[in-house]
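A.B. asks: This is a predicted model, with the sequence first.
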2 protein chains.
Amino acid sequence: MPPEKLRRPSKSLIGTLAENIRRLRHDRGLSQEELADTCGLHRTYVGSVERGERNVTLSSLELLAKALGVSVVELLTPEDE
Amino acid sequence: MPPEKLRRPSKSLIGTLAENIRRLRHDRGLSQEELADTCGLHRTYVGSVERGERNVTLSSLELLAKALGVSVVELLTPEDE
């Protein structure tokens, strides 16, 4: 079993997360940098999450959710559900 | 801003996760070791998640959710919601 850091979430889950963050960020007229500043994450980190390249932790999910004004569960739920 | 590994999720979110995993595991008559074996995680890791001591990643959440037969969203949703 690869160490935790190397394991990757499923494409569907990480894709849902990436789409939701991008959509919510656009809806609020925020750049990646502005969103990153709001939640104390690095701009390149937000970019990599939106490209589905990160095995995000719960704490990062919470920072992003809070900055976008939604719950962690909403961030992980497909928009059409 | 502390590095990602040191940041901690909120008590409420990590508490919900811990309660759901323990409840679902008991409902299925699984020990921590059996659950850990099912999802390829270490027994002590499952124990630490159930004690709310882990900043869990999405991939670990998915392994646990799959082993318990629920979605990641269900794992993060309080039982009474």
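C.D. replies: Done, it's in.
A.B. asks: near chain B, which residues of chain A?
C.D. replies: A:1, A:4-5, A:7-10, A:13-14, A:17, A:40-41, A:55-63, A:72-73, A:76-77 (C-beta under 8 Å from any C-beta of the partner chain). C-beta: built from backbone N, CA, C; applies to glycine.
A.B. asks: Tell me where chain A has helices.
C.D. replies: A:11-27, A:32-39, A:43-50, A:58-68, A:72-75 (DSSP state H).
A.B. asks: ok, and what's touching the shortest one?
C.D. replies: Counting by C-beta atoms under 8 Å, 6 or more residues apart in numbering or on different chains, helix A:72-75 makes contact with A:17, A:20-21, A:24, A:58, A:61-62, A:64-65, A:68, B:13, B:73, B:76-77, all of which sit outside it.
A.B. asks: what sits against A:Glu50?
C.D. replies: Per C-beta under 8 Å, 6+ apart, neighbours of A:Glu50: A:18, A:21-22, A:25, A:32.
A.B. asks: Distance-wise, check it relative to B:Thr57.
C.D. replies: 17 Å (C-beta to C-beta, to the nearest Å).
A.B. asks: Would you pull up how far stretch A:43-51 lies from the middle of the chain?
C.D. replies: Offset of stretch A:43-51 from its chain centre (C-alpha atoms, centre = their mean, to the nearest Å): 8 Å.
A.B. asks: Ignore what I typed, I meant stretch A:54-64.
C.D. replies: 7 Å.
A.B. asks: Can I get that stretch in CSV? Just the C-alpha atoms.
C.D. replies: Extracted in CSV, the C-alpha atoms of stretch A:54-64 (Å, rounded to 0.1, in the frame of the first residue of the first chain):
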residue,chain,number,x,y,z
ARG,A,54,-3.8,17.2,-4.7
ASN,A,55,-4.6,14.6,-2.1
VAL,A,56,-6.2,17.3,0.0
THR,A,57,-6.4,17.1,3.8
LEU,A,58,-9.5,17.8,5.9
SER,A,59,-8.0,21.0,7.3
SER,A,60,-7.3,22.4,3.8
LEU,A,61,-10.9,21.4,2.7
GLU,A,62,-12.2,23.3,5.7
LEU,A,63,-10.2,26.4,4.9
LEU,A,64,-11.4,26.4,1.3
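A.B. asks: per-residue pLDDT, the closest residue to A:Ile21 other than its chain neighbours?
C.D. replies: Counting by C-beta to C-beta, 6 or more residues apart in numbering or on different chains, A:Glu50 is the residue found nearest to A:Ile21 once chain neighbours are left out, at 5.7 Å. Looking at A:Glu50, its pLDDT is 97.
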